[in-house]
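# Pasting the sequence and the predicted model now:
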Amino acid sequence: MSSPQHATTIEKACDGDHLAIWGLAGQAQLDAVLTGLLAEREQRGSRVPVVSLLMRAREDGEWIERAISWLSLRGRRVIVRTRVVMPRSVVSALADAHRRKTGAVVELELAHHKPAIQSALLSTRAGPADSVAALLLQAQHLETLELPIVARLAPLLPGIHDQPNGFTPLLRNLVAADLRRVVIEAGHLHTQQLRALLDPALGLGARELSVQSLLELGRAYGVDSMVVLGGATLEGDRVYKLKPRRAQVLAHGLEQLAREHDNGALALPGCGCRSHCELHPQAANKAYAGGYAAPYEPVIGRDLFAGLL
């Protein structure tokens with residue numbers, strides 16, 4: 001059933017909470033799980049009009065397709081955040097939700113223009129991430145369906161993205177693909193990512209980054225320099241975090257680069273949150289159909305006790 005391991009509240013959107021859900025592959029009772037995740041928050045008095053579905057591997061396609069339909073029928077705006085090329089079934093479900101005008105957005109996870117570093121930063125045990133080129137190629141097809149697309153540039157890390165040619169080539173790729181909307185976020189550093197960046201045997205980041213870049217990365221996240229230089233072993237699994245001030249400075253600097261790139265060709269969120277409310281202005285306009293393009297239905301009452309009827 002529902003589990004805190006499968007969902008978290010990302011932020012306060014303009015019209016309620018923004019929930020992220022992941023890892024529900026193989027759930028036989030997906031409707032019940034989704035109901036439980038939403039009901040848990042509704043019981044605390046929260047409204048959840050925006051839900052991000054995190055697609056971390058192709059195996060997630062089946063449950064995400066079903067979740068898009070279930071959520072959109074209940075008036076939720078759906079964001080599919082993906083690091084892999086989506087199967088046709090997911091694209092069709094998004095197109096259907098977009099036609100219902102409940103709100104459907106695709107977020108492409110793009111971490112680096114070099115495939116090796118993109119893979120090192122975004123691949124998981126569930127499967128490898130696709131290259132920026134592959135994701136942008138699918139974006140061209142999504143544009144023909146008039147689906148809103150946002151480039152999520154994350155995780156952005158000091159020592160990698162603040163180095164010469166560490167970030168601007170990614171922006172050039174976006175402009176070349178005519179993808180204009182971007183979100184920028186400084187990231188945490190997970191042990192799996194660090195291993196992929198440091199281990200040449202994996203054929204990933206270590207062959208693409210200079211020693212100076214790796215040392216700067218280690219200093220920013222408090223990683224022992226002997227680990228970075230290969231003189232010590234990276235043990236266990238942990239998450240390394242930037243100090244808040246360092247994260248703010250990094251994100252601000254990269255946002256400025258994005259705003260100024262190609263004479264302002266790229267647009268960052270303008271509504272104060274990262275739920276892409278500007279793509280669905282009716283969500284923030286309380287005078288428009290009660291504030292929602294489709295009826296927002298609390299799951300308590302309709303779905304939570306459906307099995308008892």
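Now that the structure is in, tell me what you want to look at.
# my read: Cys271 touches Cys277, true?
Yes. Counting by Cβ atoms under 8 Å, Cys271 touches Cys277, with 4.4 Å between them. From N, CA and C alone the C-beta is placed, and that goes for glycine too.
# who touches stretch 267-274?
Identification of contacts with stretch 267-274 by Cβ atoms under 8 Å, 6 or more residues apart in numbering yields 10-14, 18, 180-184, 255, 258-259, 276-278, 284.
# at 10 Å what do you get?
10-15, 18, 50, 52, 79, 107, 150, 152, 180-185, 255, 258-259, 275-279, 281, 283-284 (Cβ atoms under 10 Å, 6 or more residues apart in numbering).
# Sketch out the low-pLDDT regions of the stretch 51-200 of the chain for me.
Applying pLDDT under 70 to the stretch 51-200 of the chain flags the ranges 200.
# Break down it into its strands, ranges please.
77-82, 104-110, 149-156, 182-186, 189-190 (DSSP state E, counting those that start in this stretch).
# Which elements pack onto the last one?
In terms of contacts (3 or more Cβ pairs under 10 Å, 6 or more residues apart in numbering; DSSP states H and E), strand 189-190 is packed against helix 211-221, strand 239-240.
# Listing partners with orientation, what would you give for it?
strand 239-240 (antiparallel) (DSSP bridges).
# Buried ones in the helix or strand following the partner strand, by neighbour count?
Downstream of strand 239-240, the next assigned helix or strand under DSSP states H and E is helix 244-260. If you call a residue buried by 16 or more other Cβ atoms under 10 Å, then helix 244-260 has these buried ones: Ala247, Leu250, Ala251, Gly253, Leu254, Glu255, Ala258.
# Ok, stretch 131-147 next?
Ser131, Val132, Leu135, Leu136, Gln138, Ala139, Leu142, Leu147.
# now that stretch, how far from the chain's geometric center?
16 Å (Cα atoms, centre = their mean, to the nearest Å).
# same thing with stretch 159-179?
18 Å.
# cool, and stretch 155-162?
On Cα atoms, centre = their mean, the centre of stretch 155-162 falls 17 Å from the chain's centre.
# Perfect, I'm done here.
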